[in-house]
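Asks: Need a 3D model of the sequence below.
(one chain, ligands or ions: 1)
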Amino acid sequence: MLSTHEEQESVLRSSFSLSKMGVLGFSSSSSFVGFFVVLSLVINATVLCNGGKTSRFVRKLEATEDMPLDSDVFQVPPGYNAPQQVHITQGDQVGKAVIVSWVTASEPGSNTVLYWTEGSETKYKAKGKVYTYKYFNYTSGYIHHCTIMNLKYNTKYYYVVGIDHTMREFWFVTPPQVGPDVPYTFGLIGDLGQSFDSNKTLNHYELNPQKGMTVLFVGDLSYADNYPNHDNVRWDTWGRFTERSAAYQPWIWTAGNHEIDFNQSIGETKPFKPYSHRYHVPYKASGSTAPFWYSIKRASAYIIVLSSYSAYGKYTPQYKWLEAELPKVNRTETPWLIVLMHCPWYNSYNYHYMEGETMRVMYEPWFVRYNVDVVFAGHVHAYERSERISNVAYNIVNGLCTPVNDQSAPVYITIGDGGNQEGLATNMTEPQPAYSAYREASFGHAIFHIENRSHAYFSWHRNEDGYSVEADSMSFFNRYWHKIDESTH
Ligand SMILES: [Fe+2]
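Replies: Okay, here's the model as predicted:
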């Protein structure tokens, strides 16, 4: 059902007052309670029937297969021991370092990255390390990781890997110096996989006229674990498929359930083995003790990456890290506080419904207290955007367990619609909950463009549309500098 922002607001407000009435009801006489129960049911029905927009956009529903191994996007680059699966990510906490990663197949070859700034004759060298791993009957190639440090901000660098054998050249642009009004454009992709739809998603991201400068990837990379014995050859093909973007702009990694690769029946009991060997992140720079939760600053954004599949209960390393991390965020330096995780907390599809609930219970009060601007998650193979809501009042006995309008709370966006072989999540809970502003089961990607300390613009782009079409969008007002309800302005 379509509804205007104003209607949604009134729905959220009535939801809020309903909760208050619930409290009053407990302390009133029985007839009074009865009256309120009936009234509550009537209002409740109104609330439940007035969710946001459920798009009825018609699309092909069958899941597409993974692209075959001989697809052009998986081609091994020519030349002896040529570097393949080249990808970069941020290498420190502020954007002055880059981790360059690549794989050589025949022998280790050089660990060195040669790099220089555009137009400069001076070339620099950085030396990395090489790793291999075994997974059941698979042995990896030589996986190189090299951190290039002390880079200049806002500068185009060229880099070469494969010295000694077949050299390949790429480039990247470093971010501007961290600061409150620095514009920056992030792309958002989740649950990508390597199907024909995955390829469309990546094409759409690359050809979107709003040029993303860095990808915030919300987990579930290759889906290799869907193959017999988690055939890790599909990790290699995924690395070659994504190179065309990930070698030229950083992809900020979040671990999803398809990264766990736990399979006791074949003796593989160390979680995240292929992922953690292949995708290094700068976790130590933010005081983290594991590569699955960490933070970076980039331009005017402070990005916190959490792990839905590592322990997050009280006293655990992730809990202690996040507890210490949130007070460190200086909104005068980085106004935009963005959180990435794989499993969504607010998801009204019937897939993975309530899976994120235990983590939500643990951390949501912190997100509200620290005014997180937006939370991006994946896992559900569809798109959904929430209102600004929280659900932190419940204390076992008070019955206050309905999400309420909360201008200190983040907007929750599920962007797990990258297009993997498992297909779309088309089955939704009905009616659409009041907190859900827009939902649609289509493949696509999103763009989060920060304009300055107070304004940002979010748009979601479905694969079936032209490259510049926005299927859904929202103007964001910063929760620290401009804490005004976006939906009424
Ligand atoms: Fe997932």
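
Asks: How about Phe170, nearest residue that isn't a chain neighbour?
Replies: Excluding its sequence neighbours, the residue lying closest to Phe170 (Cβ to Cβ, 6 or more residues apart in numbering) is Ala247, at 4.6 Å. Quick note: C-beta positions are derived from backbone N, CA and C, even for glycine.

Asks: Using the three-state scheme, assign Pro327.
Replies: Under DSSP: H, G, I helix; E, B strand; the rest coil, the three-state class of Pro327 is helix.

Asks: To what extent is it buried, counted in neighbours?
Replies: The number of residues packed near Pro327 is 10, by other Cβ atoms under 10 Å.

Asks: what do you get for Glu430?
Replies: Glu430, neighbours per other Cβ under 10 Å, totals 12.

Asks: and it, what are its phi and psi?
Replies: The phi/psi pair for Glu430 (degrees, to the nearest 10) reads phi -130, psi 140.

Asks: sec struct for His277, please.
Replies: helix.

Asks: count of residues packed around it?
Replies: Residues near His277, counting by other Cβ under 10 Å: 17.

Asks: Can we start the residue count at 381 from this point?
Replies: From this message on, residue numbering opens at 381, which makes the last subject His657.

Asks: what's the closest non-adjacent residue to it?
Replies: Tyr513 (4.6 Å).

Asks: show me what contacts the one you found?
Replies: Tyr513 makes contact with Thr519, Ser520, Ile523, Lys653, Pro654, His657, according to Cβ atoms under 8 Å, 6 or more residues apart in numbering.

Asks: The ion versus the last one, what's the distance?
Replies: Relative to the ion, His657 is positioned 20 Å away (criterion: Cβ to the ion, to the nearest Å).

Asks: Test for you: state the pLDDT assigned to that residue.
Replies: pLDDT for His657: 98.

Asks: Confirm for me that it is in contact with Tyr511.
Replies: Yes. Assessed by Cβ atoms under 8 Å, His657 is found in contact with Tyr511 at 5.6 Å.

Asks: Give the residues shared as contacts by these two.
Replies: Counting by Cβ under 8 Å, 6+ apart, the residues touching both His657 and Tyr511 are Ser520, Ile523.

Asks: Can you get me a residue count around the residue of the chain at minimum distance from the ion?
Replies: Shortest the chain-to-the ion distance, computed as Cβ to the ion: residue-wise this is His759, at 3.8 Å. A count of nearby residues for His759, using other Cβ under 10 Å, gives 28.

Asks: which helices and strands does the host helix or strand of Ala506 pack with?
Replies: Assessed by DSSP states H and E, Ala506 sits inside strand 504-507. In this structure, strand 504-507 makes packing contacts with strand 492-497, strand 522-528, judged by 3 or more Cβ pairs under 8 Å, 6 or more residues apart in numbering; DSSP states H and E.

Asks: can you map out the helices along the stretch 481-630 of the chain?
Replies: 576-587, 613-626 (DSSP state H, counting those that start in this stretch).

Asks: then the shortest one to PDB, C-alphas only?
Replies: If I follow you right, that is helix 576-587. What follows is helix 576-587, C-alpha atoms only, in PDB (Å, rounded to 0.1, in the frame of the first residue of the first chain):
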ATOM      1  CA  PHE A 576      24.800 -13.600 -14.500                       C
ATOM      2  CA  ASP A 577      22.800 -11.300 -12.300                       C
ATOM      3  CA  SER A 578      25.900 -10.500 -10.200                       C
ATOM      4  CA  ASN A 579      27.600  -9.400 -13.400                       C
ATOM      5  CA  LYS A 580      24.700  -7.100 -14.100                       C
ATOM      6  CA  THR A 581      24.900  -5.600 -10.700                       C
ATOM      7  CA  LEU A 582      28.600  -4.800 -11.000                       C
ATOM      8  CA  ASN A 583      28.000  -3.400 -14.500                       C
ATOM      9  CA  HIS A 584      25.300  -1.200 -13.200                       C
ATOM     10  CA  TYR A 585      27.500   0.100 -10.400                       C
ATOM     11  CA  GLU A 586      30.300   0.800 -12.700                       C
ATOM     12  CA  LEU A 587      28.100   2.600 -15.200                       C
END
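
Asks: now that helix, how far from the centre of its chain.
Replies: In terms of Cα atoms, centre = their mean, to the nearest Å, the gap separating the centre of helix 576-587 from the centre of its chain is 17 Å.

Asks: now do stretch 554-570
Replies: For stretch 554-570, the distance to the chain centre is 15 Å (Cα atoms, centre = their mean).

Asks: hmm, back to that, from Leu596, how far out is the residue nearest to His657?
Replies: From Tyr513 over to Leu596 the distance is 26 Å, taken as Cβ to Cβ, to the nearest Å.

Asks: repeat for Pro790
Replies: Separation of Pro790 from Leu596 (Cβ to Cβ): 14 Å.

Asks: what does Gly499 give?
Replies: 30 Å.

Asks: Have a look at the two and say which one is more surrounded.
Replies: Shown here are Gly499 and Leu596; by other Cβ under 10 Å, Leu596 has more neighbours (25 against 7).

Asks: OK, contacts around the more buried one?
Replies: Phe566, Gly567, Leu568, Ile569, Ile632, Thr634, Ile683, Ile718, Leu720, Phe756, Phe828.

Asks: One more: Tyr815?
Replies: Leu392, Gly431, Tyr726, Ser766, Glu767, Ile769, Pro783.

Asks: which two in those residues are spaced the farthest apart?
Replies: Of all pairs drawn from those, the greatest distance, 13.2 Å, lies between Leu392 and Tyr726 (Cβ to Cβ).

Asks: on that earlier part again, dump the helices of the stretch 481-630 of the chain to JSON lines, plus distance to Pro555 and mean neighbour count.
Replies: Formatted as JSON lines, the helices of the stretch 481-630 of the chain follow (distance: least, Cβ to Cβ, whole Å; neighbours: other Cβ atoms under 10 Å):
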{"stretch": "helix 576-587", "distance to Pro555": "18", "mean neighbour count": "20"}
{"stretch": "helix 613-626", "distance to Pro555": "16", "mean neighbour count": "21"}
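
Asks: Indicate which one of these is closest to Trp551.
Replies: Trp551 sits nearest to helix 613-626 of all these, at 12.7 Å, using Cβ to Cβ.

Asks: Residues contacting the closest one, please?
Replies: Residues contacting helix 613-626 (Cβ under 8 Å, 6+ apart): 446-447, 449, 453-456, 464-468, 483, 518, 521, 572-574, 578-579, 582, 585-586, 595, 601-604, 607, 631, 654, 658.

Asks: 7 Å instead?
Replies: 449, 453-455, 464-468, 483, 518, 574, 582, 586, 595, 601-602, 604, 607, 654, 658 (Cβ atoms under 7 Å, 6 or more residues apart in numbering).

Asks: do stretch 725-744 as well
Replies: Against stretch 725-744 from outside (Cβ under 7 Å, 6+ apart): 688, 692-693, 702, 723-724, 759-760, 762, 764, 766, 770-772, 792, 794, 805, 807-809, 812-813, 815-816, 819.

Asks: Could you list which of those belong to strands?
Replies: Glu764, Ser766, Ser770, Tyr792, Thr794, Ser816, Arg819 (DSSP state E).

Asks: so which of those residues is the most crowded?
Replies: Of the ones in strands among the contacts of stretch 725-744, with other Cβ under 10 Å as the count, Thr794 tops at 32 neighbours.

Asks: Thanks again, I'm all set now.
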